[in-house]
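Trainee: From the sequence below, what's the structure:
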Amino acid sequence: MFLSNRVAQVEINTRQQFVEESVRLNKVSNQLIQSLANLAAQTNDKEIAGLLSAHGIKFTIKTAVVADEVLSPKQGDVKVKSGKKKK
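Mentor: Next comes the predicted model:
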C-alpha cells in the first residue's frame, strides 16, 4: 500500500512539474512571438511575417496618421492572434 501511494505521489509531482514548466515556456513563447511580430511590422519584413503566418500566427498593425503622414508602428502597436486551435 505504501509503495503504491509513493508511486502515485511521484507521478503527480512529475505532472505538476510539467504543468509549471509549460506555463513558464508559454510566457517565453508569447514574448518571442510578440517581439518577432513587432520586428516584422517595424521593418516591414515579409520573411518574418511569413514565418509567423506559416505557424498560424497573424498580427495586425495599428497605424497613426498625422498630417497625411503614416507613422511607423511602435513597440506595442502590434496585436498578435494565434490561428491555432486549443486542444
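Trainee: now the strands for the chain?
Mentor: For the chain, the strands defined by DSSP state E occupy 57-61, 64-66, 69-71, 78-82.
Trainee: which residues does the closest residue to residue 37 other than its chain neighbours bridge with?
Mentor: Among residues not flanking residue 37 along the chain, residue 59 sits closest, at 4.2 Å (CB to CB, 6 or more residues apart in numbering). Any C-beta I mention is one placed from the backbone N, CA and C, and that applies to glycine too. Residue 59 has these beta-bridge partners by DSSP bridges: residue 80.
Trainee: Tell me who's in contact with residue 59.
Mentor: For residue 59, the contacting residues are 37, 40, 41, 49, 52, 78, 79, 80, 81, by CB atoms under 8 Å, 6 or more residues apart in numbering.
Trainee: which of those are buried?
Mentor: 37, 40, 41, 49, 52, 78, 80 (16 or more other CB atoms under 10 Å).
Trainee: Looking at those, spot the one nearest residue 7.
Mentor: residue 80 (42.0 Å; CB to CB).
Trainee: Could you list the low-confidence segments of the protein?
Mentor: 63-77, 83-87 (pLDDT under 70).
Trainee: middle-most residue in it, spatially?
Mentor: residue 30 (2.3 Å; CA atoms, centre = their mean).
Trainee: for it, what are its contacts?
Mentor: residue 80.
Trainee: go with 10 Å
Mentor: The neighbours of residue 30, taking CB atoms under 10 Å, 6 or more residues apart in numbering as the test, are 80, 82.
Trainee: Kindly report the same for residue 40.
Mentor: 46, 47, 48, 49, 50, 51, 52, 53, 59, 61, 73, 78.
Trainee: where exactly do the helices run in this structure?
Mentor: Taking DSSP state H as the test, the helices found in the chain are 2-43, 46-54.
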